[in-house]
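Student: structure for this input, please:
(2 chains)
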Protein chains: 2
Amino acid sequence: MHILILGAAGMVGRKLTDRLIADGRLGNTDITRLTLQDVVAPAKPKTSIPTETVTSDFSDPKTAPALVASKPDVIFHLAAIVSGEAEADFDKGYRINLDGTRYLIDAIRAVGGGYKPRLVFTSSIAVFGAPFPDKIGDEFFHTPLTSYGTQKSICELLIADYTRKGLLDGISIRLPTICVRPGAPNKAASGFFSNIMREPLVGKEAILPVSDDVRHWVASPRSATGFLMHAGTMDLAAMGPRRNFSMPGMSVTVGEQIAALERVAGKNVVARIKREADPTIVGIVSGWPRDFDTARALKLGFTTAEKSFDDLLRIHIEDELGGKFVD
Amino acid sequence: MHILILGAAGMVGRKLTDRLIADGRLGNTDITRLTLQDVVAPAKPKTSIPTETVTSDFSDPKTAPALVASKPDVIFHLAAIVSGEAEADFDKGYRINLDGTRYLIDAIRAVGGGYKPRLVFTSSIAVFGAPFPDKIGDEFFHTPLTSYGTQKSICELLIADYTRKGLLDGISIRLPTICVRPGAPNKAASGFFSNIMREPLVGKEAILPVSDDVRHWVASPRSATGFLMHAGTMDLAAMGPRRNFSMPGMSVTVGEQIAALERVAGKNVVARIKREADPTIVGIVSGWPRDFDTARALKLGFTTAEKSFDDLLRIHIEDELGGKFVD
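Tutor: Okay, here's the model as predicted:
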């Protein structure tokens, strides 16, 4: 099986690559070839699986045809510019997040000869903007409040239509906010949800800019990888034409996160969280989804790796910190 | 006020043109210029309002910039290829119904200098495909089962995003099935809903291919014109970012239509309806929306011209038949 990952250099792309290489297979099929693409050069992984890295611009109409010419069996499409950048650079957002995806699906169609790969598209809960119900169900409509969310919504619709027409075999999965996000603190408005967990565990202070009762929808990086793997192999034939799914996750408040951190890592770690209210971030976060009813995804076998936020922290300590933290 | 109608030669475009010319104004503002565009030459109407007709291809990237260069104040965007054609010719559907609309909104944006016209986009209840609730509410999600419905859904999302970014002032209205549709019988799967009313009223037979209990969602051509006029003038500023609306209509069964026809025009007229079941049409129609809860649109002042199907028939006889029918 030949697997292509678009956007392989990003956090989720790297996690997925590591997992595919560790398993050596996807579902019941051995991986015989791996192509890793991104706009910045993806790291060449250590593996016996023949692996090619490609540095190319997803918004260039020539990029997608070159990548699908070798007929990868499964394509993980993680390529995107993020919410803040798509909002700041309107043209770039549409060029990469919308046009790029159209180039991809049209390139797949153009291959012909019955070529019909599984296409796993990472959508986002940014397809929803307030006001919405406390718990967003599987039939709530697209209400994006950002260009990024608009572009993700449109790609969901395109992939469903191309799938219905038999031109590819697509599925769009809306990932929760990834927490604890590894790496350096980032400046995304959502960054603090991870920062206040990750930084204290390595002995550093972190700023909490909102109140403890702010609720949001999260899943671990390990869960995100699991969703992608499942979407890459599950039987979609019986699913019918609705190919977009909000992924399972956990609805937690910041206060519940902190209580879990204290149970898992103790008072000294929690003491490194500094409360400094930031009205701008409070405003942005107030429009984000807080909870979901993901009945369809659960029925189709999507599951999170963690059953509680304590679990999620233990997974972070195990996967990212070699099992240790700074007391 | 300068008004541009895209797709002006179609049935709804001609009704709208007639109404604008009859009124001489839109809302409280006199119409000082009218531009009528279509891919087939729109008829040059008799009016003292300076009127230009333009024959051009909406899928040509040069078409929209030429049309918006003169900065029309209100743009009615009715240009589209219909459901059946978009399904049969996949590329043409995307080229006209999606790319054409993007050319338009990008052309508006490119004018610059604070140009921000009211853009009224005619969407469709084809953005919904079964299964759905008996009554589709304002928050039900996009579930198109045709490329046409997909393209309409995407345009709704684009227009909402461009509006949110302050690049235009857009609204998308989803028209019910228009009934009684004037003109010759057409071969659309939905044609019979109108045929079985229109043809018997002029002394001709018409085929009913489904059973009497088939329910659907309709509004008169006069209502459709009224929705467009209202959408062209209403205050949208307070509406917020959700710019797509299912329009009010009437949920009726074929049997209720026929009973109304008997009340309005008598037994002789009804006797011209011939029942000949067509399993293909039965199948297609079974996936169509049957009823809506259009609370948002009603609250914003959208209203139908008819209060009953009897009304709707009387409107047809008045508007299309000069008040007379063949007994």
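Student: in the stretch 151-300 of chain A, what residue lies closest to chain B?
Tutor: Proximity of the stretch 151-300 of chain A to chain B (CB to the nearest CB) peaks at A:Asp161, 4.1 Å away. All C-beta spots, glycine's among them, are computed from the backbone N, C-alpha and C.
Student: I figured that residue hits B:Ser147, correct?
Tutor: Yes. With contact defined as CB atoms under 8 Å, A:Asp161 and B:Ser147 form a contacting pair (5.5 Å).
Student: so which bits of chain A are right by chain B?
Tutor: Residues of chain A that fall close to chain B, judged by CB under 8 Å from any CB of the partner chain: A:90, A:129, A:139-145, A:147, A:150, A:153-154, A:157-158, A:160-161, A:164-165, A:241-242.
Student: okay, and A:Leu4 sits in which element?
Tutor: strand A:2-6 (DSSP states H and E).
Student: quick one: average pLDDT of that strand?
Tutor: For strand A:2-6, the mean per-residue pLDDT is 98.
Student: any idea of the pLDDT on the residue nearest in space to the middle of chain A?
Tutor: Nearest to the mean C-alpha position of chain A, by CA atoms, centre = their mean, lies A:Leu175 at 4.7 Å. pLDDT recorded at A:Leu175 is 96.
Student: which phi and psi does it have?
Tutor: Dihedral angles of A:Leu175 (phi, psi; degrees, to the nearest 10) stand at phi -80, psi 140.
Student: OK, contacts around it?
Tutor: Shown in contact with A:Leu175 (CB atoms under 8 Å, 6 or more residues apart in numbering or on different chains): A:12, A:122-125, A:219, A:224, A:227, A:247.
Student: filter those down to the ones in strands?
Tutor: Mapping the contacts of A:Leu175 onto strands (DSSP state E) picks out A:122-124, A:219.
Student: which helix or which strand is home to the residue of the stretch 151-300 of chain A closest to chain B?
Tutor: Following DSSP H and E, one finds A:Asp161 within helix A:147-164.
Student: do the same with A:Gly166
Tutor: Using DSSP H and E, no helix or strand contains A:Gly166.
Student: and for it, nearest residue in space, chain neighbours not counted?
Tutor: Counting by CB to CB, 6 or more residues apart in numbering or on different chains, A:Lys116 is the residue found nearest to A:Gly166 once chain neighbours are left out, at 7.0 Å.
Student: the one you found and A:Leu168 touch, don't they?
Tutor: Yes. With contact defined as CB under 8 Å, A:Lys116 reaches A:Leu168; the gap is 5.8 Å.
Student: neighbour count winner among these two?
Tutor: A:Leu168 (20 against 17; other CB atoms under 10 Å in any protein chain shown).
Student: list the buried residues of stretch A:265-275.
Tutor: With burial defined by 16 or more other CB atoms under 10 Å in any protein chain shown, the residues of stretch A:265-275 counted as buried are A:265, A:269-270, A:272-273.
Student: tell me which of those residues fall in helices.
Tutor: A:265, A:269-270 (DSSP state H).
Student: with pLDDT added, can I get those in JSON lines?
Tutor: Below are these laid out as JSON lines (pLDDT from 0 to 100):
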{"residue": "A:Ala265", "pLDDT": "98"}
{"residue": "A:Val269", "pLDDT": "98"}
{"residue": "A:Val270", "pLDDT": "98"}
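Student: which strand or helix spans A:Leu34?
Tutor: Applying DSSP H and E, one finds A:Leu34 within strand A:33-38.
Student: contacts for that strand, please.
Tutor: Applying CB under 8 Å, 6+ apart, the set of residues contacting strand A:33-38 is A:1-10, A:13, A:17, A:20-21, A:42, A:45, A:47, A:49-56, A:58, A:63, A:67, A:70, A:72, A:79.
Student: counting by contacts, list what whatever helix or strand comes next after that strand packs against.
Tutor: Proceeding C-terminally, strand A:33-38 gives way to strand A:51-55 as the next helix or strand, assigned by DSSP H and E. With contacts taken as 3 or more CB pairs under 8 Å, 6 or more residues apart in numbering or on different chains; DSSP states H and E, strand A:51-55 sits against strand A:33-38.
Student: the strand it packs on pairs with which strands?
Tutor: strand A:2-6 (parallel), strand A:51-55 (parallel) (DSSP bridges).
Student: can you list the contacts of A:Leu175 in CSV and add neighbour count and pLDDT?
Tutor: Output for the contacts of A:Leu175, formatted as CSV (neighbours: other CB atoms under 10 Å in any protein chain shown; pLDDT from 0 to 100):
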residue, neighbour count, pLDDT
A:Val12, 21, 95
A:Thr122, 26, 98
A:Ser123, 24, 97
A:Ser124, 24, 94
A:Ile125, 22, 93
A:Ala219, 22, 97
A:Ala224, 24, 98
A:Phe227, 26, 98
A:Met247, 27, 98
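Student: quick check, nearest of the residues you listed to B:Thr303?
Tutor: A:Ile125 (36.3 Å; CB to CB).
Student: surely A:Asp134 meets A:Arg290?
Tutor: Yes. Taking CB under 8 Å as the definition, A:Asp134 is a contact partner of A:Arg290 at 6.7 Å.
Student: quick one, which of the two is more surrounded?
Tutor: A:Arg290 (20 against 11).
Student: quick one, strands of the stretch 51-200 of chain A?
Tutor: A:51-55, A:74-77, A:118-124, A:169-175, A:177-178 (DSSP state E, counting those that start in this stretch).
Student: let me have these in JSON lines, extended by distance to A:Leu300.
Tutor: Shown next, in JSON lines, are the strands of the stretch 51-200 of chain A (distance: least, CB to CB, whole Å):
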{"stretch": "strand A:51-55", "distance to A:Leu300": "30"}
{"stretch": "strand A:74-77", "distance to A:Leu300": "17"}
{"stretch": "strand A:118-124", "distance to A:Leu300": "13"}
{"stretch": "strand A:169-175", "distance to A:Leu300": "10"}
{"stretch": "strand A:177-178", "distance to A:Leu300": "21"}
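Student: so for B:Cys179, which of the ones you listed sits nearest?
Tutor: Nearest to B:Cys179, of those and by CB to CB, is strand A:169-175 at 35.7 Å.
Student: gap between stretch A:159-179 and the chain center?
Tutor: 13 Å (CA atoms, centre = their mean, to the nearest Å).
Student: pLDDT below threshold where in the stretch 51-200 of chain A?
Tutor: Residue ranges of the stretch 51-200 of chain A with pLDDT under 70: A:186-187.
Student: please repeat the previous calculation with a cut-off of 90.
Tutor: A:82-85, A:130, A:140, A:183-191 (pLDDT under 90).
Student: state the number of residues packed around A:Ile75.
Tutor: With other CB under 10 Å as criterion, A:Ile75 counts 27.
Student: actually, A:Ile136.
Tutor: Quick note: A:Ile136 (other CB under 10 Å) scores 21 neighbours.
Student: residue contacts, it?
Tutor: By CB under 8 Å, 6+ apart, the contact set of A:Ile136 is A:128, A:246, A:289, A:291-293.
Student: mind redoing it with 6 Å?
Tutor: Going by CB atoms under 6 Å, 6 or more residues apart in numbering or on different chains, A:Ile136 touches A:128, A:289, A:292.
Student: what does A:Arg118 give?
Tutor: By CB under 6 Å, 6+ apart, the contact list for A:Arg118 reads A:74, A:169.
Student: just the buried residues of the strand holding A:Leu34, please?
Tutor: Quick answer for strand A:33-38 (16+ other CB under 10 Å): A:34-38.
Student: same check on stretch A:198-209?
Tutor: Buried, per 16+ other CB under 10 Å, within stretch A:198-209: A:198-201, A:206-209.
Student: farthest pair in these?
Tutor: Farthest pair in the buried residues of stretch A:198-209, by CB to CB: A:Leu201 and A:Pro209, 19.1 Å.
Student: ok, and the closest non-adjacent residue to A:Ile317?
Tutor: Counting by CB to CB, 6+ apart, the residue nearest A:Ile317 is A:Phe325, at 5.7 Å.
Student: shouldn't the one you found be within a strand?
Tutor: No. A:Phe325: not assigned to a strand; according to DSSP: H, G, I helix; E, B strand; the rest coil it is coil.
Student: many thanks, I have nothing further to ask.
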